[in-house]
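Engineer: Just the structure for this:
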Amino acid sequence: MPKVSFPFTFFSRIYGINKRSETPCHLTLANLSSSSKTFKICCDKNDGFAKYLWHQQESSILELFDLKTLVYLTPDSDQVLDQVTTDHVYVIGGLVDDSVKKHSTLSFALRSEEHTSE
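Structural biologist: Residues are numbered from 1 along each chain as shown. The predicted model follows:
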């Protein structure tokens, strides 16, 4: 079972990398309600978390984006990402893949008939 603080560490690391990037991307956190336990833990760990510059959505990525544009980034994929384009949405599956259940993101993407890359 992952540590309760893991989502905060993961979100903060991604946010920090993006903020320092010369070409930052738009970040969207899907399935994250302001009333959820995860959100509250993140806010408890960092007073500014609720003000991070990203899009926070309660909806799933499957509801937010055109399925044909989704590319699931997972270490379990046999496809290597060699180019990032602005016409795709890249989904980081680290919250699931770092837990006990390996291949979760890859399995979800394959069931959804979505593209994957490592």
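
Engineer: which helices and strands sit right next to the lengthiest helix in the chain?
Structural biologist: The longest helix of the chain (DSSP state H) is helix 6-20. Using 3 or more C-beta pairs under 8 Å, 6 or more residues apart in numbering; DSSP states H and E, the elements in contact with helix 6-20 are helix 37-45, helix 94-97. The C-beta positions use only the backbone N, C-alpha and C, and glycine is treated the same way.

Engineer: weakest of these by average pLDDT?
Structural biologist: For the helices and strands packed on helix 6-20, the weakest mean pLDDT is recorded on helix 94-97, namely a mean of 46.

Engineer: got any ranges where this protein has weak pLDDT?
Structural biologist: For the chain, the stretches flagged by pLDDT under 70 are 1-6, 93-118.

Engineer: which residues in it form strands?
Structural biologist: Remark: strands assigned in the chain by DSSP state E are 28-29, 55-56, 70-73, 89-92, 115-117.

Engineer: closest to F10 out of those?
Structural biologist: Within the strands of the chain, the stretch nearest F10 is strand 89-92; the backing value is 8.5 Å (C-beta to C-beta).
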